[in-house]
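A.B. asks: Sequence plus predicted model, see below.
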Amino acid sequence: MSFQDLEAGRPLASRRDRPIGKQDSTQAIASGIFQINTAVSTFQRLVNTLGTPKDTPELREKLHKTRLHIGQLVKDTSAKLKQASEIDHHAEVNVSML
């Protein structure tokens, strides 16, 4: 929605007005970003433990697994974002052809 739409008095589109696929895609991307942020916070907390008395081989293994998990989350979320972008681009092309 643009400022021109608002000035013309067009109603705001609510989340339920969007196509189901787009809503699911948006929710999946938001969820992925949330999971990435949570995992990065965990990773940072673990990194801050390095060099302390709690620094153990188990901690370092957990750090390694967390790093791998973050990489996978980023890869998955990036793919979902790319897919959503392609769907949006395709929808814009269809609308402009009318």
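C.D. replies: Okay, I see it.

A.B. asks: going forward, measure contacts between C-alpha atoms and count neighbours the same way
C.D. replies: Noted.

A.B. asks: give me the low-pLDDT residue ranges for the protein?
C.D. replies: Judged by pLDDT under 70, the chain has its weakly predicted residues at 1-22, 88-98.

A.B. asks: the longest helix in it is where?
C.D. replies: In the chain, with assignment by DSSP state H, the single longest helix is helix 57-96.

A.B. asks: buried ones in that one?
C.D. replies: 63, 66-67, 69-70, 73-74, 77, 80-81, 84 (16 or more other CA atoms under 10 Å).

A.B. asks: Can you tell me which of the residues you listed is nearest Q23?
C.D. replies: Distance ranking of the buried residues of helix 57-96 against Q23, using CA to CA, places A84 first at 10.1 Å.

A.B. asks: isn't that closest one right up against Q23?
C.D. replies: No. In this structure, A84 is not within contact of Q23 by CA atoms under 8 Å, at 10.1 Å.

A.B. asks: Could you let me know which of the buried residues of helix 57-96 ends up closest to P53?
C.D. replies: Using CA to CA, the buried residues of helix 57-96 come closest to P53 at L63, 15.8 Å.

A.B. asks: May I have the residues that are in contact with that closest one?
C.D. replies: Neighbour list for L63: 43, 46-47 [criterion: CA atoms under 8 Å, 6 or more residues apart in numbering].

A.B. asks: Just give the number of residues close to R45.
C.D. replies: By other CA atoms under 10 Å, 12 other residues sit near R45.
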